[in-house]
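In: Generate coordinates for the sequence data below:
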Amino acid sequence: MSAFRTIRGGTLVRRAAVLASALAVLGAVASCGTETGTGTAASGVTTASDAGAASAVTASARTADRATARCHTSELRARVGGVDPGAGQRNFPVVLTNVSSRSCTLYGYPGAAFVDASGRQLGPDPKRSPGDAARVALEPGESAWAGLRFSAPGISGARTATPAALLVTPPDERDSLKVPWTAGAVPVAGDFSAVFVTVLSEGTGP
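Out: Now for the predicted structure:
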């Protein structure tokens, strides 16, 4: 009986040792799993610094969108430069200047129309001279210009009228800018009476 108790006691001791060892291994595995899980979860959490960076990127994209937006009529000032005569032609630069506090762009042809003192249009709309349009980016204070050209009425024999103003409409806009016209008579009907306008280019004229 004494020997049986000794063997049984030894078996119990060994079983207890094995159980303790298994619990220790399970604890280590659980601890590793917890650390790994924590690390994985942490990598998916949006921190304050991440949110700030995302906000900065969004703000930058919005700023870029605003910078490339087209110029609106209210942001521009128009003027007509001096005549550049040549080969029976009269050429005028029509200049649009960005008077806003932001960058904007112009693309294509401006609209133009001669009007009398009552606002009635004189002659048809100008025709578009063929040309390759390019997007013109204007910083505040910068300008773009388009050429306005017609045959000298004294040579062409076209019927004429003397406008009070030139209405200039920026590309893709509905509202016009009114510029006093001081360059005399323009052709409004008859042979060689067509007026031509060119695409907008950087600067204030040739």
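
In: And stretch 90-104, what's buried?
Out: Using 16 or more other Cβ atoms under 10 Å as the test for burial, stretch 90-104 gives 90-98, 100, 103-104. Quick note: C-beta positions are derived from backbone N, CA and C, even for glycine.

In: Give me the distance between the two termini of that stretch.
Out: Stretch 90-104 has an end-to-end distance of 30 Å (Cα to Cα, to the nearest Å).

In: ok, back up a step: right, and the pair among the buried residues of stretch 90-104 with maximum separation?
Out: 90 and 103 (33.5 Å; Cβ to Cβ).

In: rewinding a little: if we only consider the buried residues of stretch 90-104, which is nearest to residue 166?
Out: Distance to residue 166 across the buried residues of stretch 90-104 (Cβ to Cβ) is lowest for residue 94, with 7.4 Å.

In: Would you list the phi and psi of the closest one?
Out: phi -100, psi 110 (degrees, to the nearest 10).

In: okay, the buried residues of stretch 90-104 in TSV with pLDDT, distance to residue 74 and secondary structure next?
Out: Output for these, formatted as TSV (pLDDT from 0 to 100; distance: Cβ to Cβ, whole Å; DSSP: H, G, I helix; E, B strand; the rest coil):
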residue	pLDDT	distance to residue 74	secondary structure
90	95	30	strand
91	96	28	strand
92	97	24	strand
93	98	22	strand
94	98	18	strand
95	98	17	strand
96	98	12	strand
97	98	13	strand
98	98	11	strand
100	97	8	coil
103	97	15	coil
104	97	11	strand
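
In: Residue 144: which of the residues you listed is nearest?
Out: Looking across the buried residues of stretch 90-104 and measuring by Cβ to Cβ, the closest to residue 144 is residue 96, at 5.4 Å.
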